[in-house]
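Undergrad: sequence plus the predicted model coming up.
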Amino acid sequence: SLPLYAGGFLVLKYFTGSEAMAISLFLLLTIPLSIGFFFVRPYEEAAWATFYRDITAAPTEPDEAY
């Protein structure tokens, strides 16, 4: 994704000062947001497993292999 950001900054020379500032701030803020998703993903999967489990399935006995 870094080449995408580098290419985005090369295109900024075709915009005025305020437009270039808005685009560059947007590009800079997307980096920490995308990194943050790596930390949130395990919690999202745990919440999905806890709150959205299939309660219509037939009850089963626990596996004795453990």
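TA: Arrived safely, thanks for sending. Numbering: from 1, shown residues only.
Undergrad: tell me how many other residues crowd A49.
TA: Residues lying near A49 (other Cβ atoms under 10 Å) number 9. (Each C-beta comes from the backbone N, C-alpha and C, glycine too.)
Undergrad: what's the helix or strand it falls within packed up against?
TA: Counting by DSSP states H and E, the element that carries A49 is helix 17-51. Helix 17-51 sits against helix 2-11, with contacts defined as 3 or more Cβ pairs under 8 Å, 6 or more residues apart in numbering; DSSP states H and E.
Undergrad: show the average pLDDT along the helix it packs on.
TA: The predicted model assigns helix 2-11 a mean pLDDT of 62.
Undergrad: need the pLDDT of the residue nearest in space to the middle of the chain.
TA: The structure's the chain has its C-alpha centroid closest to F37; by Cα atoms, centre = their mean the separation is 3.6 Å. If you check F37, the pLDDT there is 73.
Undergrad: ok, now which ones touch it?
TA: Not one residue lies near F37 by Cβ atoms under 8 Å, 6 or more residues apart in numbering.
Undergrad: measure it to Y14 for me?
TA: Distance, F37 to Y14, by Cβ to Cβ, to the nearest Å: 30 Å.
Undergrad: please apply the same query to L29.
TA: For L29 relative to Y14 (Cβ to Cβ), the value is 21 Å.
Undergrad: and if you look at E61?
TA: Distance from E61 to Y14, by Cβ to Cβ: 66 Å.
Undergrad: who has more neighbours, the two?
TA: More crowded of E61 and Y14, by other Cβ under 10 Å: Y14, with 8 against 5.
Undergrad: low-confidence ranges in this protein?
TA: Within the chain, the stretches with pLDDT under 70 are 1-13, 15, 54-55, 65-66.
Undergrad: rerun at 80
TA: 1-25, 27-41, 49-66 (pLDDT under 80).
Undergrad: need the three-state assignment for T60.
TA: Here T60 is recorded as coil under DSSP: H, G, I helix; E, B strand; the rest coil.
Undergrad: what separation is there between it and L28?
TA: According to Cβ to Cβ, T60 and L28 sit 50 Å apart.
Undergrad: all set now, cheers.
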